[in-house]
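Participant: Build me a structure from this.
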Amino acid sequence: MDDSRIVIDGTTLTCPTVARVARGDVTVAVATEGVERAREAWRIAGEVAEARPVYGRTTGVGANRVVDVEWEDADAHGLRLLRSHAAGAGPLVSPEIVRAMVLIRLNQISAGGSGVDPGVLQPLADVLNLGLLPPVPVYGAIGTGDLTALASTALCLLGERSWLSGPDGGQERGPGFRLRSADALAFISSNAATLGEAALAATDLRMLLDASTVVAALSLFAVRGSEEPYAPYVHEACPHPGQAEVAATMRMLLAFDHAEPARIQDPYGYRAFPQVHGPARESALYAEDVITREINAAAENPLIDRAGRTVWHNGNFHTAYVGLALDSSRAALFQTMALSTARLGTLTEPSFTGLPPFQAATEASSGIMVLEYVAHSALADVRRYATPAALGGAVLSRGVEEHAGFSTQSARATTDALAAYRIGLGCELVAATRALRMQGRIPSGGPLKAAHDLATGILDPRMEDRPLDADIAMAADLLPHLARLLA
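Facilitator: Numbering: from 1, shown residues only. As a prediction, this is how the structure comes out:
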């Protein structure tokens, strides 16, 4: 089996696969069954549009839905639609999000509900395989369709805009496709850009939460904390699945070391870790499930019903599920990051580590003092990003489109919150590793020893006062490797 080749079939795409294609050197191919579903939907869309009005094919869009497109104007209508909607603004989103968008739109069309000409599938795959990008600005969507992003993509396919390529953002002509005018709305009627960012965020969230459990176990070992809070009976008595899973993982990580605890009871950062980290785990799993359903869904409006050979006008374009799931994930993320900063505080305290204040090399040294400031600065941003995007509201297109869930903004806030979380978690890892070095203690075995060895192998062993920015960056980069220890 060729792990570098990803076959897109319209039904089995996952968030980790989206991340692989968006970030890695893989080849994308289109499954025959996906092409056939798309071809059947395209034929049905044309048949129905000849028999009765179909939104966007025989009519205008938004408040212009009441305006019929005259047959002699049909060829120009779609092109006008694409040109008018390719109006995003602001800086361009990152290349990985654009690649995720193209991949997800490819998968959605393969699901067979859009009615877009199936000939567009191979050019979209070629764009990914050649490393080309349509220009996609940050501003233009509110969770009810990434119209500006996909209109820009369509204009690249038509040759009206150049694809971007290379790290310098050079422009070039790439794969093209003569997208039919009637297919214009069908092509852009998607949340592929929002879902692309959401899929990447969900993948990163799962990874960072796994890494956080490993880092918390290192901190507990460094402060000689009690393992009692992770006992099976405790979590059988309050049987939340995420809580029980986190406690079981902590027991596994600490299985090789059962020293007498230094205190009868530890602070919340250790004692309540399963109860706080568990909800974060559960919310992350739920968000990933929601996003996975969406990226494999035929969620276009209008929706082509292949079995019934008809068209349904509907609201599947509204990604309220995605936005609300990510809003919940960020709230839970803030809670568990607050415990990380609390554990970091214990790692500066002699009563917990048996070391000088701030793990300092001399009495007047500052040691890791500044790590707390960095971590709390990052935590402040996670708190800010935790504000629910769903609390927004919008009335658009002359009142016809009177609601928005702002899942686009929720996905973007999740990306930013995760970047801050990485920094805070990196600070805790630096502190825990340094404490164990100064104590001369090493975990006895298992994944916890492997984590310790990875950290000590990369982090600077010097204890004198020096800039710790490089240490934080290296610790943050190490987190995916720590997460894989739990695989």
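
Participant: which residues touch stretch 4-19?
Facilitator: Contact partners of stretch 4-19, identified using Cβ atoms under 8 Å, 6 or more residues apart in numbering, comprise 20-21, 25-31, 33-34, 37-38, 100, 103-104, 106-112, 125, 196, 199-200, 202-204, 288, 291-292, 295-296. Backbone N, C-alpha and C define where each C-beta goes, glycine included.

Participant: residues of that stretch that come out buried?
Facilitator: Neighbour-count burial for stretch 4-19, counted by 16 or more other Cβ atoms under 10 Å, picks out Ile6, Ile8, Asp9, Gly10, Leu13, Thr14, Cys15, Pro16, Thr17, Val18, Ala19.

Participant: average pLDDT across that stretch?
Facilitator: For stretch 4-19, mean pLDDT is 97.

Participant: quick one: the nearest residue to Glu288 once chain neighbours are set aside from Ser165, how far?
Facilitator: Closest residue to Glu288 in three dimensions, ignoring its sequence neighbours and counting by Cβ to Cβ, 6 or more residues apart in numbering: Ala202, at 4.3 Å. For Ala202, the distance to Ser165 (Cβ to Cβ, to the nearest Å) stands at 28 Å.

Participant: so Gln171, which of the three states?
Facilitator: Secondary structure of Gln171, reduced to three states by DSSP: H, G, I helix; E, B strand; the rest coil: strand.

Participant: mind listing what it touches?
Facilitator: Gln171 sits in contact with Ser162, Trp163, Leu164, Ser165, where contact means Cβ under 8 Å, 6+ apart.

Participant: redo that, cut-off 7 Å
Facilitator: Neighbour list for Gln171: Ser162, Trp163, Leu164 [criterion: Cβ atoms under 7 Å, 6 or more residues apart in numbering].

Participant: Quick check, pLDDT for it.
Facilitator: According to the prediction, Gln171 has pLDDT 76.

Participant: for Asp68, same thing?
Facilitator: You'll see Asp68 listed with a pLDDT of 65.

Participant: thinking again about what came up before, now for the residue nearest to Glu288, how many residues are close by?
Facilitator: Number of residues near Ala202 (other Cβ atoms under 10 Å) recorded here: 32.

Participant: Filter the buried residues of stretch 4-19 down to the ones in strands?
Facilitator: When the buried residues of stretch 4-19 are checked against strands (DSSP state E), the matches are Ile6, Ile8.

Participant: residue nearest the centroid of this structure?
Facilitator: When the chain is reduced to its mean C-alpha position, the closest residue under Cα atoms, centre = their mean turns out to be Ala201, at 1.2 Å.

Participant: ok, it - contacts?
Facilitator: Under the criterion of Cβ under 7 Å, 6+ apart, the contact partners of Ala201 comprise Leu326, Ala411, Thr414, Thr415, Leu418.

Participant: and which of those residues is nearest Thr213?
Facilitator: Nearest to Thr213 among the contacts of Ala201, counting by Cβ to Cβ, is Leu418 at 16.0 Å.

Participant: Neighbours of the closest one, how many?
Facilitator: Counted with other Cβ under 10 Å, the burial measure for Leu418 works out to 21 neighbours.

Participant: Next up, the contacts around it.
Facilitator: Taking Cβ under 7 Å, 6+ apart as the criterion, Leu418 is in contact with Ala201, Asp204, Leu205, Leu208.

Participant: Now a ChimeraX select for only the buried ones of these.
Facilitator: Buried members of these, identified by 16+ other Cβ under 10 Å, are gathered into one ChimeraX selection as follows:
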select :201,204,205,208
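
Participant: show me where pLDDT drops low in the stretch 201-350 of the chain?
Facilitator: In the prediction, the stretch 201-350 of the chain carries no residues with pLDDT under 70.

Participant: how much space between Ile304 and Arg39?
Facilitator: For Ile304, the distance to Arg39 - Cβ to Cβ - is 11 Å.

Participant: nope, Leu150 is what I was after
Facilitator: Leu150 sits 21 Å away from Arg39, going by Cβ to Cβ.

Participant: quick one: which of the contacts of Ala201 has the most company?
Facilitator: In the contacts of Ala201, the most neighbours by other Cβ under 10 Å go to Leu326, 34 neighbours.

Participant: correct me, but it touches Ala199?
Facilitator: No: with contact defined as Cβ atoms under 7 Å, Leu326 does not reach Ala199; the gap is 10.9 Å.
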